[in-house]
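Q: Mind looking at a prediction? Sequence and model below.
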Amino acid sequence: MKKDVNAENIEFLSSGLIAPIKKWGAKWSLWAVHLVTSCCGVELAHAYASGYDAERWGSLNFGMMRQTNLIIVEGTITKKMARALRITWEQMPDPKFVILIGACGIEGGLFWNSYHITRPWKIIPIDYFVPGCPPTPEGLISAIRALQKKIESGEAKTTAKFRETDLAKLLGTEVGKERKPPKPPLKIAEKPEIKIEPKEVEWEFGKKLIEELKNKMPFAEIFAIDINRIYIKTESKFYEKVAELLESEGFDHVKSLNVIDLPHENKFVVECSVSSYSVEELMPVIVTFSVEIPRDKPRIPSLIRFWPSIDYQEREMHDFFGVWFEGNPWMGNKFLLAPEVETPLRKDFKLEEPSYVLER
Amino acid sequence: MDEYSIPVPVKPPAEIESLYLPVPPWLEEKSKEGDELVLFVGPQHGGSGHMRLIVRVHGDVIREVIPDPGFVHRGVEKLAENKLYIQNIPLVERPAIMDCINMSLGYVRAIEKALDIEVPERAKYIRTMLAEVCRIGTHLYDAGILSVFLGHTTGFMWPFALRELTCEILMRVSGARITASYVVPGGVRRDVDRGTLNFISDAMTYIQQKSKDFEKVFIRNPVTIARMKDVGVLSRKEAIKYGVVGPFLRASGVEYDVRAVEPYDAYDELTWDVIVADDGDSYSRFLVRVNEIQQSIGIVRQCVKALKDMPEGKIAVDTKGKMLDSVKGTFFRTFGRLTLPAGEFTTLTEASRGTLLYTIVSDGKSNAPYRLRVVTPGWYYLKGFMESLKGCRLADLQAVYGSFGYFPPEADR
């Protein structure tokens, strides 16, 4: 932001002959555009509902950005949402204000090192921040009151006062020098092996079902890993064959499509879990079948013709790992992710590690 | 009639053009042929929700809806790989914070399954009770948002006033209005005393009484019925084919509820009905959830009664199976640096909006999951939601959207 938009808005309101009327009008009609950006929207809804009733202070949630003068940014702004946020802000008439609620908007909160989020204050100029995860409706209302006071008096005042502390003295380091925090207890194995092994369980129906499946699929390794959970290990050329057989058994929908990345073994493990709604005794059973595919050429047939419910999960796994599901018409397009993020769930995509920097 | 052009500057300013999200090129070409229109709904639109719907309409009849989710995709699955098992509990409940207990319950149960520990009886009942309180809260939330979609502001105010009570219950029990992080491996964080139990019991009575008024104002309102009856129909066959879950599946006539099919915690010791409807339209999707609120109130009452009869204390176990009165002290030291045995552990949970699946893949050496797969209800029924819109009028889009209670942070994770 080159110009100081916040100061310009206040200057506009407090200049000219009819300044008091302009101020009065803006103060009591802070209408917030309905851009619910994340989960803090739950508390925003509470603030505008009958419990807290923010309409008492002239603030009202409204549909269109063209008729509103306030954005309440609710928490996390993802890279994809950032564009929408900016466009919405651009379209609002001046003078306009922004309140940001939630820890995620300030420094990322719980998701601070996520690959898909950004900081809203880099995108639009913020008037007030409300911390909390999520902040209470009272917190939001006090931000609206503070904004009203700012409009009236022309100067921004914080509602929270903190005692001044000399950070450098407290932490015993020089200002500006990077300081690693105490080592996290996190311990991640270098080259782990993923072993899924049979487990002895007392499950009569399962034994019968496994026998039945074994007769139909002599090429696969079939065992129970828990009560109601059956695991099938097979080669990638039998992937479609297994799906076809399971579909004819009565497994009619997909519970989960999962890809496990094993970079040190140069392979992806593709796991597909299916279950049934139409056959009563199969309802609690989840059958997972897994195949291994090479990591440098991850191509596998799509199962969309057996189970249409797998469609979006295949698109998602294509986004996350770059696995190409042959036969799914969406391949090659981004579905969940912003255009600039590529295969984030592969193990070689590293997230930022925590470090503290003292700034003044 | 001759065609004529209207000189309106429809081109956006060049400096913000780069901000537009890309549209698949084939879609652009398709929109130019025939007499179809391609409309973009969202991410800023009148209701709650933050996703873009690309709607192909012919006249005002919807031919196809292409979803563009991911506006709230925050990468929970990746972040979970870089955190301790116990640090992931607050993380996994962020996708649907109004449904926090159910969200963390699924994850915690996967850990318990891996460690093979049995939770104390009292903790089981407390979990079940709060899961149902969250279910009531979420269904009320969705009813409120549905009213906003239908332009019925009074219908928004009523359920949100009742939701204040569920927030109050969570606050008294766990200390947080919405993000409780209350369920921990081996039990729950703290005990519920008698006074709180009485409050929960009173709150249930109040919700039950007041929901009768809500029924008059909104549920049986002729406008509501006219907007939602026979709109966005999913037949039983379609619902199964597209893998719809939860109340939306039951509204299409499939009797599937994880709480009944694969009971967890205290559900097999309680009596309640699985609500099923046959129509599969928007209104029955709504009614199923309205009736589920009544069932949940019944479950909460049974839990309160059972908890009052039980001795207080003993709300957690440690990894060795020793009963604990409190999670203070050694508890976090043992669970904090937890390493699960190698293998794959999958749990199903009936969250408010449907089946919730967690798969933890552990390598047996790290103290963080090697891979955590989360499939939330919103992600399951998105396909069915898109299919049910086919053939509807454009004006019905909001009614169908609201009837699914689609909550994008939950679906995108």
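A: Yep, it's here. Numbers count the residues shown, from 1 in each chain, chains lettered A, B, ... in the order given.
Q: Which residue, neighbours along the chain excluded, lies closest to residue 214?
A: Just going to use chain A. A:Ile222 (5.4 Å; C-beta to C-beta, 6 or more residues apart in numbering or on different chains). C-betas here are computed from N, CA, C, even on glycine.
Q: sorry, should have said chain B
A: Counting by C-beta to C-beta, 6+ apart, B:Phe214 lies nearest to B:Trp158, which is 4.6 Å off, once chain neighbours are set aside.
Q: was I right about the one you found contacting B:Lys216?
A: No: in this structure, B:Trp158 is not within contact of B:Lys216 by C-beta atoms under 8 Å, at 10.1 Å.
Q: neighbour count winner among those two?
A: B:Trp158 (23 against 9; other C-beta atoms under 10 Å in any protein chain shown).
Q: wait, what's in contact with residue 96?
A: You didn't pick a chain, so chain A it is. Going by C-beta atoms under 8 Å, 6 or more residues apart in numbering or on different chains, A:Lys96 touches A:9, A:69-71, A:89.
Q: wait, I meant chain B there
A: By C-beta under 8 Å, 6+ apart, the contact set of B:Ala96 is A:39, B:102-103, B:138, B:351-353, B:376, B:378, B:407, B:409-410.
Q: List, one by one, the residues from the stretch 251-360 of chain A near chain B.
A: Within the stretch 251-360 of chain A, the positions near chain B by C-beta under 8 Å from any C-beta of the partner chain are A:252-256, A:258, A:260-261, A:271, A:273, A:277-278, A:283-284, A:286, A:288, A:307-309, A:311-313, A:316, A:320, A:333-339, A:344-345, A:349, A:351.
Q: Helices - which of those land there?
A: Using DSSP state H, the subset of these located in helices is A:311-313, A:316, A:320.
Q: For ChimeraX, write a command that selects the buried ones of those residues.
A: Of those, the buried ones go into a single ChimeraX selection, burial set by 16 or more other C-beta atoms under 10 Å in any protein chain shown:
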select /A:311,312,313,316,320
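Q: Name the nearest of the ones in helices among the residues of the stretch 251-360 of chain A next to chain B relative to A:Ile293.
A: Ranked by distance to A:Ile293 (C-beta to C-beta), those are led by A:Phe320 at 14.7 Å.
Q: In contact with the nearest residue to that closest one once chain neighbours are set aside, which residues?
A: By the measure of C-beta to C-beta, 6+ apart, the closest residue to A:Phe320 outside its immediate chain neighbours is A:Leu345, 4.0 Å from it. Contacts for A:Leu345 were tallied using C-beta under 8 Å, 6+ apart; they are A:259, A:261, A:320-321, B:77-78.
Q: For residue 284, grab the count of nearby residues.
A: If you meant another chain, say so; for now it's chain A. As a burial measure, A:Pro284 scores 19 neighbours (other C-beta under 10 Å).
Q: wait, chain B
A: By other C-beta under 10 Å, the residues close to B:Ser284 number 25.
Q: So B:Leu356 lies in a strand, does it not?
A: Yes: B:Leu356 sits within a strand when classified using DSSP: H, G, I helix; E, B strand; the rest coil.
Q: Quick check: closest non-adjacent residue to it.
A: Nearest to B:Leu356 is B:Thr349, by C-beta to C-beta, 6+ apart, at 4.5 Å.
Q: same question, B:Asp60
A: Of all residues beyond its chain neighbours, the one nearest B:Asp60 is B:Leu394 (4.5 Å), with distances taken as C-beta to C-beta, 6+ apart.
Q: For that neighbour, report the pLDDT, please.
A: Per-residue confidence (pLDDT) for B:Leu394: 87.
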